[in-house]
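Undergrad: A predicted structure for the sequence below; I have some questions about it.
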Protein chains: 2
Amino acid sequence: MKRGSFAVLSNEDIAFFKKLLPGRVITDESELLPYNTDWLKTVRGASKVVLRPKTTQEVSDIVKYCYDHNLAVCPQGGNTGLVGGSVPVFDEVVITTQLMNQIISLDQVSGILVCQSGCILEALDHYLSNYELTMPLDLGAKGSCQIGGNVSTNAGGIRLLRYGSLHGNVLGLEVVLPNGEIVDCLTTLRKDNTGYDLKQLFIGAEGTLGIITAVSILCPPQPKSVSVALLGCETFDSILQVFKSSKLYLGEILSAFEFMDSQSMILVKENLKLNSPLVDYPFYALVECSGSNAHHDEEKLMSLLHAVLDKGEALDGCIVTDSAKIKNIWSLRERCAEALMYDGYCYKYDVSLPLSAFYQLVLDMRDRLGANATRVVAYGHVGDGNLHLNITSRQYSKTTFDLIEPFVFEWVAKYRGSISAEHGLGLKKREYIHHSKTPSAVALMAAVKKTIDPKGIMNPYKVLPESILR
Amino acid sequence: MKRGSFAVLSNEDIAFFKKLLPGRVITDESELLPYNTDWLKTVRGASKVVLRPKTTQEVSDIVKYCYDHNLAVCPQGGNTGLVGGSVPVFDEVVITTQLMNQIISLDQVSGILVCQSGCILEALDHYLSNYELTMPLDLGAKGSCQIGGNVSTNAGGIRLLRYGSLHGNVLGLEVVLPNGEIVDCLTTLRKDNTGYDLKQLFIGAEGTLGIITAVSILCPPQPKSVSVALLGCETFDSILQVFKSSKLYLGEILSAFEFMDSQSMILVKENLKLNSPLVDYPFYALVECSGSNAHHDEEKLMSLLHAVLDKGEALDGCIVTDSAKIKNIWSLRERCAEALMYDGYCYKYDVSLPLSAFYQLVLDMRDRLGANATRVVAYGHVGDGNLHLNITSRQYSKTTFDLIEPFVFEWVAKYRGSISAEHGLGLKKREYIHHSKTPSAVALMAAVKKTIDPKGIMNPYKVLPESILR
């Protein structure tokens, strides 16, 4: 990959930034390092300057300067992404939102929160809990990821089944465009049909169309009770039947529906010595419900358990309501990723598939790899059609890799799935976009990018393939 | 307003269309009339031809021809819009989706429905009820409005509080662009982070960026029980307290929260002779819950009633679970629009406001108009921040009108509300867009329009103000 024809940072540029942001310009090599390195430590950029604005006007002033001087920009939130979207590739100017962490307003009646984009997700959730409200999204990185980054990457996470996507929950955005212009679409309205819903363009654009500076988001009431069931099933088809039954019996309180295959369970038992409350089954469903009345919720979950056992959809099952026990059951599912690392090397894929094709990919992959893999394990969010496929071997093997790719992307494309369900494309996956999007869709994306960012300074080398932007 | 510099329909054009769509080209004056007239009969176009394609390819062929020959196009669904967005203004070629009414697929497990854009909303709901599913939206025009039009206008309706907006529920779209190109983003995935979420651009664009030909939409399970409470309150502030309590006590089963002021109740009693189960109060809240367990739902609604009476948030209230009685209570609220017509002339406004400013608009308007109005009444969707403000007089009066406009738009703009909560801008309201959107936002919309529709042939004279598109 070649560096774009952007200007090289000069001493005058640094002087301008230092005057604009006194004490908030980083140029020291060692201090720059964490901003140049991604969370997985697989991508490293060579930015010479990190800017830490506190206000939207400062972001606008910086970006306008960069636009006028043809300097490339890399917007950065919590830098917890997995596809290299949040770190510079060459020497882009890093603009971090870490000091933009003020809550602007909360309407306690409607649950509408307005805040700066650098607020940490977990901090927002803590703040909201004082008002019996909660954030409509939750994910592993909540302790360091920022709401602006969540919105820019259209983060999914474990509450999506219940509260829906950010495209529905984000009510307004304030964005600084690549030319420095501030677009204020920061409404706190649930309904507003006056023209195109521009904010949607920036949700999931991974910072390539502008920098999100503030977010207005609809926050649901905090659930008063949580219960979890773990069920053992004979086939993956039974898992789907249990999912359907869960929607019927739990209805509005169903908050998560996860699955693990037997290989995943063996993995966490072998590598992490975890205990399951059930004996061995080919498949497991983890069903969580959260509601406003513990007694009602338990009754519903109990009827579900009886129904799926009666109908033979599940072979065994247990219900837990105690928070420590709930945590233990969630560990079986959530610690799969950690357990995989004990095998040596792990090839990781995060795909969406229609439920009818969901598990066939795993079976086909297992057949294809045979002895070339230690394990082929699968777990994920059935409720969201999101499969985490993981293949381990003692060390990285080119033979194994070539058997997996591009086979896995072609397989997913054949079933009209998504090759990146929630992680985005960033730097790492942008060249695979055609497996999930048609040429006309990619061309339209490029047209939008060129319209909003004609100089291509905003988070270059990300999302769209190199060829299309030439 | 001036006709755009589009070509005039020729005999060769008609011949081309007749060859492409044998028996599905309307040119007869009287048959054209309903396609040239909007539902309110306040806007009338002069189109000379209506085309009735059955397939996406046919839509593409028509649009490509129009693009190449510089013919303007007006896409039309059920033609139930209230802002003149769905009828031609001059002699645009009308493309109706009425024959594109096929269901393509339903995944019974995930509840994901894929269908052509001309499917009638109510027909889809009937179809889904066979599978214990329901559409995530419902509105008065359901018997004739089409899902493609619903998506194009980002229809809100009475289920929005419960299931969220179409920006969250629509999973995929197939669209024919103004140059005839088909953009296939018709995925059935809940999670797909591979590039910009292009479909969002077309949701609420009122057909100005392309023609939606197929829709993929997430459908929730059909609720098994419905109950309704009607509560009388002393102040509008109490209404907001009751809304907050409803979210806490009903949580996940709250499905509608509507309000009426005393003048609205007097209106339906006087003009329609309807009966209310409550004596007179300054304000009324209509609270609906729908859930999966009738017994649980009634218990929750009963605790809400006790709580709001104990806390003095409501002065009186009743609960009904019988479907006939539920219908009677809903009539009080739903028939307000009809009742208004008996007063003579009605000035109608559909605005969104932050809840804190919600009712002040009504008080200010009542003060301002004094004896210039027969009534100033307000009702609407508190849960969505959507206020229906209606002013009646015996006949249309220029004096009254000038007292209302632009005052009402300026008032809404001052509180950062929306001058069109759910009806869109269409032809009638496009010049008022600046009351709800900043100049930079409107400029960005125009840039998007020009990128996607450089010739401006797609539903011209709609959504964006005339000046901005020059």
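TA: Structure received. Numbers count the residues shown, from 1 in each chain, chains lettered A, B, ... in the order given.
Undergrad: now the helices: where do they sit in the stretch 51-200 of chain A?
TA: A:56-68, A:121-129, A:147-152, A:160-163, A:166-169, A:199-202 (DSSP state H, counting those that start in this stretch).
Undergrad: for the ones you listed, which one sits closest to chain B?
TA: Closest approach to chain B among the helices of the stretch 51-200 of chain A is made by helix A:166-169 (2.3 Å; C-beta to the nearest C-beta). From N, CA and C alone the C-beta is placed, and that goes for glycine too.
Undergrad: name the helices or strands packed onto that closest one?
TA: Judged by 3 or more C-beta pairs under 8 Å, 6 or more residues apart in numbering or on different chains; DSSP states H and E, the packing partners of helix A:166-169 are strand A:211-218, helix B:166-169.
Undergrad: residues contacting it, please?
TA: For helix A:166-169, the surrounding residues in contact (C-beta atoms under 8 Å, 6 or more residues apart in numbering or on different chains) are A:136-137, A:150-151, A:154-155, A:163, A:200, A:203-204, A:217-218, B:164-165, B:167-169, B:197, B:200.
Undergrad: quick one: it to chain centroid distance?
TA: 14 Å (C-alpha atoms, centre = their mean, to the nearest Å).
Undergrad: what do you get for stretch A:388-406?
TA: 23 Å.
Undergrad: how about stretch A:415-426?
TA: 11 Å.
Undergrad: that stretch near chain B at all?
TA: Yes: judged by C-beta under 8 Å from any C-beta of the partner chain, stretch A:415-426 comes into contact with chain B at A:416-425.
Undergrad: can I get the residues you listed in JSON lines with neighbour count and distance to residue A:241?
TA: Listed next are the residues of stretch A:415-426 next to chain B as JSON lines, based on neighbours: other C-beta atoms under 10 Å in any protein chain shown; distance: C-beta to C-beta, whole Å:
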{"residue": "A:416", "neighbour count": "18", "distance to residue A:241": "23"}
{"residue": "A:417", "neighbour count": "26", "distance to residue A:241": "22"}
{"residue": "A:418", "neighbour count": "24", "distance to residue A:241": "24"}
{"residue": "A:419", "neighbour count": "27", "distance to residue A:241": "28"}
{"residue": "A:420", "neighbour count": "27", "distance to residue A:241": "29"}
{"residue": "A:421", "neighbour count": "28", "distance to residue A:241": "23"}
{"residue": "A:422", "neighbour count": "25", "distance to residue A:241": "26"}
{"residue": "A:423", "neighbour count": "21", "distance to residue A:241": "29"}
{"residue": "A:424", "neighbour count": "29", "distance to residue A:241": "33"}
{"residue": "A:425", "neighbour count": "28", "distance to residue A:241": "34"}
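Undergrad: grab the longest helix from chain A for me.
TA: helix A:294-310 (DSSP state H).
Undergrad: need the contact partners of the next helix or strand after it.
TA: Per DSSP states H and E, the first helix or strand lying C-terminal to helix A:294-310 is strand A:316-320. With C-beta under 8 Å, 6+ apart as the test, strand A:316-320 has contacts from A:227-232, A:277-279, A:281, A:298, A:301-302, A:305, A:308-309, A:326, A:328-329.
Undergrad: who does strand A:316-320 pair up with?
TA: Paired neighbours of strand A:316-320 in the sheet (DSSP bridges): strand A:225-233 (antiparallel).
Undergrad: thank you kindly, that will do.
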